[in-house]
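> Let's see this in three dimensions:
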Amino acid sequence: MNRQTINLSLLTLFVFIFSCATQSGTSNSLTKEAVELTSRTSSDDKKPRIQAALLLDTSNSMDGLINQAKSQLWKMVNDLATTKQDGKIPTIEIALYEYGNSTLSVEQGYVRQIVPLSADLDLVSEKLFELSTNGGDEYCGQVVHDAAKDLAWTTNNNDLKLIIIAGNEPYDQGPYNYKTACKEAITKGIMINTIHCGAYEEGVETHWKDGADCADGKYMNINQDDEVVHIPTPYDDKILELNQSLNSTYISYGAEGKKRKARQEVQDANASSFSAANSVERAVSKSSAQYKNEEWDLIDAASSDEEFLEEVEEEALPEEMQKMDKEERKEYLVEKKEEREKIQAEINTLNTKRKEFIAKEQKNNAEKQTLDNVLIKAVREQAKSKNFKYE
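Below you'll find the model as predicted:
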């Protein structure tokens, strides 16, 4: 790194997600569940889709960037979750890349795909929290090229497709020309949003603005000295209490079931490690239509496939359900589903009051140039251009 270390306490996003290669430099190695989920979501053409690839600079100066991504993931997902296109709720898929980390493969341009486009929000969160920084060379053109080329982007022109790249070094570094990468993205209808971690004019001079302009995207900068303000509300404690009850309605099945349910609980803990407000945002996400777990939860699986409970092997069921007959199993799932829906409805009602409380409090505070503020505004405008409407 040739420039002063930036002590960022912010940024990134929604992230949006999934399939991590555990060895550095292995950009295309995907976890089994991510491959399965990617195939399922990529083949679903009935619902509109919002796809977002988050490209994070994980060189030495970017600790604050990674922390901001961890603390704002659920807030940004929740904002997208309020959209509809022609009355239909979209599927939200997120991909996650890191670049600029010296532990990554030189041959791969210091770029690694961590998660392909996926709707498994717990997996996205898990892989995001595993990220660490190390000094290296930041090649923006290379990582944009890889994301545009390798991800399973929808071919529907009405879907919203975004690449969101954040960093602080000059945008034109590396062997792959960023203008060529821009053309590759826009040919597929992918807009590129760039986030420069530093002064606005510096980002213009170092091509971050041009990196967005050439692909119909938005250029943003954030003040690395601003901290995200988490506003506590009178409704937070009750939402967090309900979240614990919500977890009890998830019924794991199959070989991966217990592991995936444990992941859910770990990501609850990860969210709460930043603030109660962030933990509340995650609870709200878990009460939205975007949070589905057909791969390990019996209720979601049976809801998406009426024949699932008839076809699933008895050995794959939890021990308490193996003792039930078929009718008892159906009744048990119906009861648990109704319990879950009641809890989710209560969380959403409380969240409406919570958002009203936060809106009033924010009027008394000057808006800061943090990721959640600048990015949500930009993405909202782009979503509206594709006829997505916010509730």
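> Quickly note the distance from Leu117 to Ile92.
For Leu117, the distance to Ile92 equals 10 Å [CB to CB, to the nearest Å]. Every C-beta, even on glycine, is put in place using the N, C-alpha and C of the backbone.
> quick one, which of the two is more surrounded?
A direct count of neighbours by other CB atoms under 10 Å for Leu117 and Ile92 places Leu117 higher, at 29 against 26.
> quick one, helices of the stretch 151-300 of the chain?
Using DSSP state H, counting those that start in this stretch, the helices of the stretch 151-300 of the chain run over residues 178-187, 200-205, 208-213, 236-247, 257-272, 276-285, 298-304.
> Give me the residues contacting the helix or strand that the last one is followed by.
So the one you mean is helix 298-304. Using DSSP states H and E, the helix or strand that follows helix 298-304 towards the C-terminus is helix 308-311. Contact partners of helix 308-311, identified using CB atoms under 8 Å, 6 or more residues apart in numbering, comprise Leu298, Ala301, Ala302, Lys326, Arg329, Lys330, Leu333.
> can you pick the most crowded of the residues you listed?
Going by other CB under 10 Å, Leu298 tops the contacts of helix 308-311 with 27 neighbours.
> wait, what's in contact with it?
Applying CB under 8 Å, 6+ apart to Leu298 gives the contacts Ile251, Ser252, Tyr253, Phe308, Leu309, Val312, Leu317, Met321, Leu333.
> and with 7 Å instead?
Neighbour list for Leu298: Ile251, Tyr253, Leu333 [criterion: CB atoms under 7 Å, 6 or more residues apart in numbering].
> ok, so what distance separates it from Lys149?
Distance of Leu298 to Lys149, computed by CB to CB: 38 Å.
> before we move on, what about Lys377?
29 Å.
> Can you measure across stretch 281-298, start residue to end residue?
End-to-end distance for stretch 281-298, by CA to CA, to the nearest Å: 24 Å.
> Tell me which residues of it come out buried.
If you call a residue buried by 16 or more other CB atoms under 10 Å, then stretch 281-298 has these buried ones: 281-288, 290-298.
> hmm, back to that, of the helices of the stretch 151-300 of the chain, which approaches Asn193 most closely?
The minimum distance between Asn193 and the helices of the stretch 151-300 of the chain falls on helix 208-213, with 6.1 Å, by CB to CB.
> packing partners for the closest one?
Helices and strands touching helix 208-213, by 3 or more CB pairs under 7 Å, 6 or more residues apart in numbering; DSSP states H and E, are strand 191-197, strand 219-222.
> I'd like to know which of the ones you listed lies nearest to Thr82.
With CB to CB as the measure, strand 191-197 is the member of those nearest Thr82 (19.3 Å).
> Note down every partner strand of the closest one and its orientation.
strand 160-167 (parallel), strand 219-222 (parallel) (DSSP bridges).
> what angle sits between it and helix 178-187?
Inter-element angle recorded for strand 191-197 and helix 178-187: 140 degrees (by axes from the mean of the first three to the mean of the last three CA atoms, to 10 degrees).
> what residues does strand 191-197 touch?
So strand 191-197 is contacted by 6, 8, 11, 65, 144, 161-168, 182, 185, 202-203, 208, 211-212, 215-222, 224, 371, 378, 382 (CB under 7 Å, 6+ apart).
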